[in-house]
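> Fold the following and give me the result.
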Amino acid sequence: MINISVIILPIIVLFIVVYGIIKKVNVYDVFIDGSKEGLVMVTSIFGSILAMVVSVNVFLKSGIVDDGVVFIKPFLNYLNIPSEVLPLAIVRPLSGTSALAILSDILKNSGVDTYIGKVACLIQSSTETTIYVIGLYFGSVGIKKIKYALLVGLLTDLFGFILVILLVK
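Have a look, this model is predicted:
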């Protein structure tokens with residue numbers, strides 16, 4: 001049996017090259033020009049990416065998330081919200097990769113079909129990496145006034161978290 005996922009990329013590349021030849025386009029020169037533009041784009045957003053990665057790592061490695069969970073745990077217990085998902089809800093707007101690691105840990109410890117597992121999965125799927133997206137995309141095009149976009153993004157993440165808690169119950 002043929003594995004289509006192995007041959008799909010070469011077929012797409014071959015199609016683009018043949019289409020370019022039919023349209024009488026110098027495919028190699030256009031590819032080189034596109035590569036140069038891509039390199040310029042990467043260098044222009046590198047500062048934003050570096051600042052975001054460093055700040056997220058400092059935030060996560062400082063242990064402030066764990067301290068925050070300990071501090072707010074009685075309030076969460078009162079509202080019947082599992083405290084295990086709070087680190088995920090805090091980290092998700094910052095970093096998708098870190099949030100996936102936290103989700104994996106939650107699912108390994110609590111299970112997939114548990115209340116905690118369901119809440120964690122829905123938080124992961126219903127919220128966005130708001131701060132990362134704003135830092136990367138707004139920084140790459142030079143937008144400096146991010147106050148309202150950040151506010152709306154974080155409120156949307158909070159609303160997603162609240163809805164998940166209400167719907168899973």
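
> quick one: pLDDT of residue 70?
pLDDT recorded at residue 70 is 84.

> again, but for residue 1
Per-residue pLDDT puts residue 1 at 61.

> what's the helix or strand where residue 73 lies in contact with?
Assigned by DSSP states H and E, residue 73 falls within helix 64-78. Helix 64-78 is contacted from outside by 59, 82, 83, 86, 87, 90, 91, using C-beta atoms under 8 Å, 6 or more residues apart in numbering. C-beta here means a position set from N, CA and C on the backbone, and glycine is covered the same way.

> So the fifth one is in contact with residue 102, correct?
Yep, that's residue 87 we're talking about. Yes: with contact defined as C-beta atoms under 8 Å, residue 87 and residue 102 form a contacting pair (5.4 Å).

> quick one, which residue of this protein lies the farthest from its center?
In the chain, the residue that sits farthest from the middle, by C-alpha atoms, centre = their mean, is residue 24; the gap is 40.2 Å.

> Can you give me the buried ones in the lowest-mean-pLDDT helix or strand in the chain?
Lowest by mean pLDDT, DSSP states H and E among the helices and strands of the chain is helix 139-141, with a mean of 76. The neighbour-count criterion (16 or more other C-beta atoms under 10 Å) identifies 139, 140 as the buried residues of helix 139-141.
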